[in-house]
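Trainee: Turn this into a model:
(2 chains)
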Amino acid sequence: MNRQSRAINASRSDKIFDIVNCSFMTLAFVITLYPFLNVLAISLNDSMDTVKGGIYLWPRKWTWANYDAIFSFRGLITGFKISFLRTFVGTLLGLLSSSMLAFVLSRSDFQARKLVSTFLVMTMYVSGGLIPGFILVRHLGMMNSFWVYVLPGMVSAWNVFIIRSFIDGLPSALQESAKLDGANDFTIYWRVILPLCKPVLATVALFLAVGQWNSWFDTFLYNSMARHLTTLQYELMKVLQSTQIGSNDIHDPNMSQLMNRISPESVKMAITIVVTVPILIVYPFLQRYFVKGMTLGAVKS
Amino acid sequence: MEALTAVKPLKPLKPRGKSDKFWRTLFQQKYLYLMSIPFVIWVFVFNYIPIWGWTMAFQRYRPGKSFMKQEWVGLDNFRELFHDERFYMALKNTLAMSFMGLFAGFTIPILFALLLNELRRQMFKRIVQTVSYLPHFVSWVVVAGIINKMMSIDGGINGLLMNLHIIAEPIQFLAKADWFWGIVTASDVWKETGWNSIIYLAAMTGIDPELYEAARVDGAARIRQMWHITLPGIRTTIIILLIMSIGNLINIGFEKQFLLSNPIVADKAETLDLYALNYGLQLGRYSFGTAINIFNSVVAVILLFTANTIFKRTSKESIM
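Mentor: Modelled structure (predicted):
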């Protein structure tokens, strides 16, 4: 077989490959997106009508009633507020602490650099686990308080090293000239380094914010007795658990009242959308940052 | 070299000068210290004190008593653990779901990245990629809700299978204990495949385009190019990620299992962490639960080191 006929053969098999590949990727696209669209359609469909089944991509009987109903539920309003608050405070504290530590660790002249760095790296490999952590939080008196959401997870070694590797890539002349101008180390951090770190800070902020917004287990573990501190994810979790196969108890009287007004199915779907939409809103804006950050973290580790 | 030996004997003569220098630098770097010490203390409290809490596993821990007044029981908690049938069940579930998750979560993102990399239309490629990350950003609570909906009697999967006449009656997937491991693995794949392929796709952009050029001139089909150029090109990335996921093998946690399980499938859903939660923490048996945590951590560390050593020997690459 000469080279030319081989090339023709190859191009034919390439065409087949392209077709197969494109259909495969289309399938992956549909599998990923369909469940979200299905949930959205059900949440916008009349709850009595939904019970009959057969709602796929488009609501049959349009209504906002499901959303009206869930927003009349007190727990959800509280959950919304607390979720927003913890996302905001948690992200801010996390960014400040990680970037500050990252700056200190990027300074090769810092005496205790090696010590602090090792101290931090160790936390990536060993952790105390669920129960010692729980006992600690109880000893610190953080049960039933807002701080349990933002304090225990504030500094993550991973985020610190992502930011540090970014700072390492900045020209060192910047810091030196600032120093000649008489700036102290804190001013250098605040005025010189932080503004330059915007891209990596955006990445880390995204990770922190998504983590805060999505967590439910800390509420379950520490704040399940504190009505005024429940988060959105936790409320959704309760609804899901209470309507699952084999468990038929809804502890919350308000919730069971809600479930009588509109079907549990519609309640679940509407809350799911409410929980997911904030992420969908910020997602397109931050996409270019997280791809960059993800790659940066992977290369450096 | 000469200068070095000349300076050396001076050192012991000037110990004061050295410590002076230390304090002077310390003073100069006061801001650096001020900026790091609070966080060092923080890390100590929230990351190191819990490790100290491991001592609980060797005590009969009673809340409210001081550390010195606790009763030490040696290895009693571990003995109790190793005699508990539920422990072996939990261990089996953990290992099974870990290995399934490792296998699927490791191969499918590579495959996905390879195929995505071959898409010629950039617009289509970008859309598929963007959508594929999406599930990574929603919480497990939401994903569990979606999986519940899709797998329910009137959900999408039953509808599809019935329309294709593969099954006659709808199946209550989540009530089938034997399917639980598979469902957890599949949900994980659905959620994380797009996200986990990012690193591979990034590694693929670093491959020299001339290699593909040469292969094309030689008449190699696309599949052969994928196999002989793209895959070897991302080899290092693959190995690093494999070692890291082996280290995390036993740390699969409990979130998915907690959210997706129900009383009917509980025996197949209970992982070690869930076991520690249900039979340790929630029953107030803190010492017993900590023993489970320790067992879990020790196995994880052993796995990580073993994987690392094996790879170091076979491929001269390691992460530590």
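
Trainee: Can you tell me the SS state at A:Pro171?
Mentor: Judged by DSSP: H, G, I helix; E, B strand; the rest coil, the three-state class of A:Pro171 is coil.

Trainee: Run a quick neighbour tally on it.
Mentor: 9 (other Cβ atoms under 10 Å in any protein chain shown). C-beta: built from backbone N, CA, C; applies to glycine.

Trainee: ok now do it, which residues does it touch?
Mentor: With Cβ atoms under 8 Å, 6 or more residues apart in numbering or on different chains as the criterion, no residue contacts A:Pro171.

Trainee: how much space is there between A:Phe186 and B:Tyr33?
Mentor: Distance, A:Phe186 to B:Tyr33, using Cβ to Cβ, to the nearest Å: 11 Å.

Trainee: Same question for B:Ser287.
Mentor: Taking Cβ to Cβ, one finds B:Ser287 at 39 Å from B:Tyr33.

Trainee: same deal with B:Phe173?
Mentor: Distance from B:Phe173 to B:Tyr33, by Cβ to Cβ: 57 Å.

Trainee: Not counting sequence-adjacent ones, nearest residue to the closest residue to chain A within the stretch 151-300 of chain B?
Mentor: With Cβ to the nearest Cβ, the shortest gap between the stretch 151-300 of chain B and chain A falls at B:Asn293, namely 3.2 Å. Nearest residue to B:Asn293 in three dimensions, chain neighbours excluded: A:Gly129, at 3.2 Å (Cβ to Cβ, 6 or more residues apart in numbering or on different chains).

Trainee: try A:Ile273
Mentor: A:Ser43 (4.9 Å).

Trainee: can you give me the helices in the stretch 151-300 of chain A?
Mentor: For the stretch 151-300 of chain A, the helices defined by DSSP state H, counting those that start in this stretch cover A:157-168, A:173-180, A:185-187, A:194-196, A:198-214, A:217-222, A:232-242, A:253-261, A:264-300.

Trainee: Buried residues of the strand or helix carrying B:Ile108, list them for me.
Mentor: Element membership of B:Ile108 [criterion: DSSP states H and E] is helix B:85-117. By neighbour count with 16 or more other Cβ atoms under 10 Å in any protein chain shown, helix B:85-117 contains the buried residues B:87, B:90-91, B:93-98, B:100-102, B:104-105, B:108-110, B:112-117.

Trainee: hmm, back to that, for the residue nearest to B:Asn293, grab the count of nearby residues.
Mentor: Neighbours of A:Gly129 (other Cβ under 10 Å): 23.

Trainee: which SSE is the closest residue to B:Ile292 other than its chain neighbours in?
Mentor: Using Cβ to Cβ, 6+ apart and skipping residues adjacent in sequence, the residue nearest B:Ile292 is B:Ala276, 4.0 Å away. B:Ala276 belongs to helix B:272-276 when assigned by DSSP H and E.

Trainee: Remind me what the helix or strand that that helix is followed by packs against, helices and strands.
Mentor: From helix B:272-276 onward toward the C-terminus, using DSSP H and E, the following helix or strand is helix B:286-315. Counting contacts by 3 or more Cβ pairs under 8 Å, 6 or more residues apart in numbering or on different chains; DSSP states H and E, helix B:286-315 packs against helix A:130-139, helix B:76-82, helix B:235-247, helix B:272-276.

Trainee: Ok, which of those helices comes nearest A:Ile19?
Mentor: Closest to A:Ile19 of the helices and strands packed on helix B:286-315, according to Cβ to Cβ: helix B:235-247, at 27.7 Å.

Trainee: and the gap between B:Ser66 and chain A?
Mentor: Plainly put, B:Ser66 is 11 Å away from chain A if you go by Cβ to the nearest Cβ, to the nearest Å.

Trainee: Tell me the residue of the stretch 51-200 of chain B that sits nearest chain A?
Mentor: Closest residue of the stretch 51-200 of chain B to chain A, Cβ to the nearest Cβ: B:Gly53 (2.8 Å).

Trainee: Does that residue touch A:Leu130 like I think?
Mentor: No - contact status for B:Gly53 versus A:Leu130: not in contact, 10.4 Å apart, counting by Cβ atoms under 8 Å.

Trainee: Name the residues that touch stretch A:62-71?
Mentor: In contact with stretch A:62-71 (Cβ under 8 Å, 6+ apart) are residues A:43-47, A:76-77, A:258, A:261-262, A:266-267, A:269-271, A:274.

Trainee: Verify the contact between the residue nearest to A:Ile273 and A:Ala270 for me.
Mentor: Yes - between A:Ser43 and A:Ala270 there is a contact at 4.3 Å, judged by Cβ under 8 Å.

Trainee: hang on, the earlier thing: so what's the residue of the stretch 151-300 of chain B closest to chain A up against?
Mentor: Residues in contact with B:Asn293 (Cβ under 8 Å, 6+ apart) are A:128-132, B:54, B:57, B:276.

Trainee: go with 6 Å
Mentor: A:129, A:131, B:276 (Cβ atoms under 6 Å, 6 or more residues apart in numbering or on different chains).

Trainee: which stretches of chain B have low pLDDT?
Mentor: Scanning chain B for pLDDT under 70 picks out B:1-17, B:247-248, B:250-251, B:315-320.

Trainee: Show me how the record splits it into domains.
Mentor: As assigned by automatic domain parsing, chain B contains the domains B:1-46, B:79-315.

Trainee: hey, which of those domains is tucked in deepest?
Mentor: Of the domains of chain B, the one with the most neighbours on average (mean count of other Cβ atoms under 10 Å in any protein chain shown) is domain B:79-315, at a mean of 18.

Trainee: Contact partners for the nearest residue in space to A:Arg107 that is not next to it in sequence?
Mentor: In space, and not counting its chain neighbours, A:Arg107 is closest to B:Leu32: 6.3 Å by Cβ to Cβ, 6+ apart. Counting by Cβ under 6 Å, 6+ apart, B:Leu32 touches A:104, A:110, A:185.

Trainee: for A:Phe73, same thing?
Mentor: A:Phe73 touches A:Leu258, counting by Cβ under 6 Å, 6+ apart.

Trainee: which phi and psi does it have?
Mentor: Backbone torsions of A:Phe73, given as degrees, to the nearest 10, read phi -90, psi 120.

Trainee: ok, now how distant is it from B:Glu71?
Mentor: In this view, A:Phe73 and B:Glu71 are 47 Å apart by Cβ to Cβ.
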